[in-house]
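Enquirer: next input, structure requested:
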Amino acid sequence: MSPCWALVAVFLANLLTTESADPCMPINAAFRSVSSQNGATSCKCMIDPLVGTNYDNVWIGCSGQSMSTVFRELRSLNETRVQRVHIWDSQLNIIPTEMFEKANPRKLIIENSLVSVVRAGSFATLGARLTELRLRNNAIKKTIDPEALKGLDHLQILDVSANKISKLRADDLDSLTDLRELYLNDNAISEIEDGAFSALSSLRVLSIQNNQLGAISRNMFKGLENLEELYLENNNLAHVDWTAFRQLKKLRVLDLGRNQLTSIDLQSFDKLEKLILNNNSLQNLKNVSIRDLRNLNYLSMDRNSLAQIDESDLRGLSGSPRLETLSLASNNISVVAAGAFKNLVSLKTLALQNNQITTLTTEGQSLLSPLRLLNVLILSGNRLEALKGHDLPPALHTLAADHNRISHVDSNAFHGLKLQRLFLHDNRLTHLPKGTFDQIDLDVLQAIDLTENRWQCVCEEEWLGAWLEKAGEADVGEGVLGCLAIPCDPKEAAEKPTHWATVVASVLAVVSVVILLGIVYLYVEDARMKPISKHSFRRHDSDMLRLINEESKTDEARGVAPKPRPADAAHNKSVRWAN
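Expert: So this is what the prediction gives:
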């Protein structure tokens, strides 16, 4: 082969290698060929280095242009297969048919683009390949057009969140028989017809958060026998036919938070693991019937109006032997009966923060004594006054008791515990007895915070400041430690007079000076009067007699009321300092 032909062969090989190494080159060239803005395009091909190889990591992004511009550039492709097409911040308004005929993405995302109308058949050509369709933050009104979704036989994820949909009709989703996840969040849905999900037997996740649903009818969830996660948070739910949930045999997660529920009745969910009832109108746990949820692991009833926990209130949870987390935070709980937690023997985390609990002991028994496996206890923001010996369960490794009114901690309060995290900041502690932290292993301790208390320190007796120094980085407090943060030198403290000693010495010095001045004054006056006494007067006997008689007169005789005698002169003492 001649040198000339060899160079041509190398050039062609390099060209082919470059094109194969950059699959976006021909795609971007097609966009530029139809661009009317001096080579600037609204769409661009990009490579996701974290996803697959070849065309599996190629995606097209289009932004900031009108529908006609995006339509023209996407139509310039030659039936190119890409991982996804993502259109955002554009002005599409209407999605015409055949818009995606020449692009074959697995995922199609159109968001923040004012889409209000989707023409019938707009996605029909993608049916054999499209698995994910997201139309978030657009302007789709009232209902979903079932004709627009026809042909999407393999669609697994549909997200039409943050539109203006107000009603879901019985046949709107009938063509999506392979759908696995459906997101209808942040719309204005106030009505869902019975049977709206009847064709979605493959659905695993249904999310209808932040809508306006006021009620759940008996057949609303008909057909969802394989549903695993149901999110109904932040609606207006006040009326619920609880039998509607009995069809959801495989349900694992149920979120009913931020509604207006006053009672709960859930029974015999063998698969349910997580139940969220936060931010409702529950006032009494007697109106909460939760029974035979054998796999329940997490239960939260935060921010309701619960005032007390009676001994029988949590009895239904005896049928939930796997319950590990119970949260009752931010209620008004002030009374917890003895034995209230006796059915929660598997509990590992108990959250009771922001209530009005004053003690952990009732009728001489710790409220937490049945919780032998409890690891995490959150009591922040209550009204606890003390931590006593045997208040805390033996397996505890995390205690948050900050922002309470704790002024006393027994020296054995933490004995037998392998604490990893301890938060006692923002209380009323003035000191801790020696030995309080003797059993805390500094090699195990991860965090401790004792700031913002009322610490009082006696130099030769204070031990806590030095202990915190040994804790090192585990001391995570960012507040004020007061005198605990000031190192103490016993020799210096012994030589340094106390504050009261200084005050007393100062007072005595002033008194001494005043007395001396008084003596000097009297001496001067006595010296001044002596010349007068040279001519002393002779006292007559009659004068002495009159003086004696005057002295012998009683106070009554002279018209002067007698001075009352103290009942007990020994008690008539002045107190210098009142302690």
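Enquirer: so is S68 in a helix, a strand, or just coil?
Expert: helix (DSSP: H, G, I helix; E, B strand; the rest coil).
Enquirer: how many residues are close by it?
Expert: For S68, the neighbour count with other CB atoms under 10 Å is 11. Yep, even glycine has a C-beta here, placed from its N, CA and C like the rest.
Enquirer: just the one 4 residues further on next, same as before
Expert: R72 is surrounded by 17 other residues when neighbours are defined as other CB under 10 Å.
Enquirer: domains in this protein, by residue range?
Expert: 21-136, 140-260 (automatic domain parsing).
Enquirer: got TSV for those, with mean pLDDT and distance to E462 too?
Expert: Formatted as TSV, these follow (pLDDT from 0 to 100; distance: least, CB to CB, whole Å):
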stretch	mean pLDDT	distance to E462
domain 21-136	88	56
domain 140-260	97	48
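Enquirer: can I get the ones you listed in TSV including distance to S289?
Expert: Below are the domains of the chain laid out as TSV (distance: least, CB to CB, whole Å):
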stretch	distance to S289
domain 21-136	37
domain 140-260	9
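Enquirer: who wins for proximity to L392 among those?
Expert: Closest to L392 of the domains of the chain, according to CB to CB: domain 140-260, at 30.1 Å.
Enquirer: for that closest one, measure first residue to last.
Expert: The first and last residues of domain 140-260 sit 28 Å apart, counting by CA to CA, to the nearest Å.
Enquirer: now that domain, how far from the centre of its chain.
Expert: Computed by CA atoms, centre = their mean, to the nearest Å, the chain-centroid distance of domain 140-260 equals 29 Å.
Enquirer: just stretch 431-448 next, same as before
Expert: 26 Å.
Enquirer: from start to finish, how long is it in a straight line?
Expert: Stretch 431-448 has an end-to-end distance of 16 Å (criterion: CA to CA).
Enquirer: same deal with stretch 149-157?
Expert: Stretch 149-157 has an end-to-end distance of 12 Å (criterion: CA to CA).
Enquirer: can you list contacts of that stretch?
Expert: With CB atoms under 8 Å, 6 or more residues apart in numbering as the test, stretch 149-157 has contacts from 120-121, 123-124, 126-134, 158, 173, 175-181, 183.
Enquirer: can you give me the buried ones in it?
Expert: Residues L149, K150, G151, L152, H154, L155, Q156, I157 are the ones in stretch 149-157 that count as buried (16 or more other CB atoms under 10 Å).
Enquirer: closest one to V513 out of the residues you listed, please.
Expert: For the buried residues of stretch 149-157, the minimum distance to V513 (CB to CB) is 92.8 Å, reached by I157.
Enquirer: mind listing the strands for the stretch 151-300 of the chain?
Expert: Along the stretch 151-300 of the chain, counting by DSSP state E, counting those that start in this stretch, strands occupy 157-159, 164-165, 167-168, 181-183, 191-192, 205-207, 215-216, 229-231, 239-240, 253-255, 264-267, 274-276, 288-291, 298-300.
Enquirer: now those strands in JSON lines, with distance to V476?
Expert: Below are those laid out as JSON lines (distance: least, CB to CB, whole Å):
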{"stretch": "strand 157-159", "distance to V476": "40"}
{"stretch": "strand 164-165", "distance to V476": "47"}
{"stretch": "strand 167-168", "distance to V476": "49"}
{"stretch": "strand 181-183", "distance to V476": "39"}
{"stretch": "strand 191-192", "distance to V476": "48"}
{"stretch": "strand 205-207", "distance to V476": "37"}
{"stretch": "strand 215-216", "distance to V476": "45"}
{"stretch": "strand 229-231", "distance to V476": "35"}
{"stretch": "strand 239-240", "distance to V476": "44"}
{"stretch": "strand 253-255", "distance to V476": "32"}
{"stretch": "strand 264-267", "distance to V476": "38"}
{"stretch": "strand 274-276", "distance to V476": "30"}
{"stretch": "strand 288-291", "distance to V476": "37"}
{"stretch": "strand 298-300", "distance to V476": "26"}
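Enquirer: how far does stretch 120-133 stretch from start to finish?
Expert: From the first residue to the last, stretch 120-133 extends over 15 Å; the measure is CA to CA.
Enquirer: re earlier: which one of the domains of the chain lies closest to K418?
Expert: With distances scored as CB to CB, the stretch of the domains of the chain nearest to K418 is domain 140-260 (32.3 Å).
Enquirer: I'd like to know which of the strands of the stretch 151-300 of the chain is closest to L317.
Expert: L317 lies closest to strand 288-291 among the strands of the stretch 151-300 of the chain, at 6.5 Å (CB to CB).
Enquirer: tell me what the closest one is packed against?
Expert: Applying 3 or more CB pairs under 8 Å, 6 or more residues apart in numbering; DSSP states H and E, one finds that strand 288-291 contacts strand 264-267.
Enquirer: tell me what the strand it packs on is packed against?
Expert: Secondary-structure packing of strand 264-267 (3+ CB pairs under 8 Å, 6+ apart): strand 288-291.
Enquirer: what pairs with the strand it packs on, parallel or antiparallel?
Expert: strand 264-267 (parallel) (DSSP bridges).
Enquirer: mind saving the C-alpha coords of the partner strand as CSV?
Expert: What follows is strand 264-267, C-alpha atoms only, in CSV (Å, rounded to 0.1, in the frame of the first residue of the first chain):
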residue,chain,number,x,y,z
ILE,A,264,-58.3,5.1,63.4
ASP,A,265,-59.4,1.5,62.8
LEU,A,266,-56.8,-0.7,61.1
GLN,A,267,-56.8,-4.5,61.6
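Enquirer: got the contact list for it?
Expert: Outside strand 264-267, the residues within contact range by CB under 8 Å, 6+ apart are 242, 245, 254, 256, 272, 275, 277, 282, 287-293.
Enquirer: next, the buried residues of that strand.
Expert: For strand 264-267, a neighbour-count test (16+ other CB under 10 Å) marks I264, L266 as buried.
Enquirer: kindly report the same for stretch 451-463.
Expert: Across stretch 451-463, burial judged by 16+ other CB under 10 Å covers T451, E452, N453, W455, C457, C459, E462.
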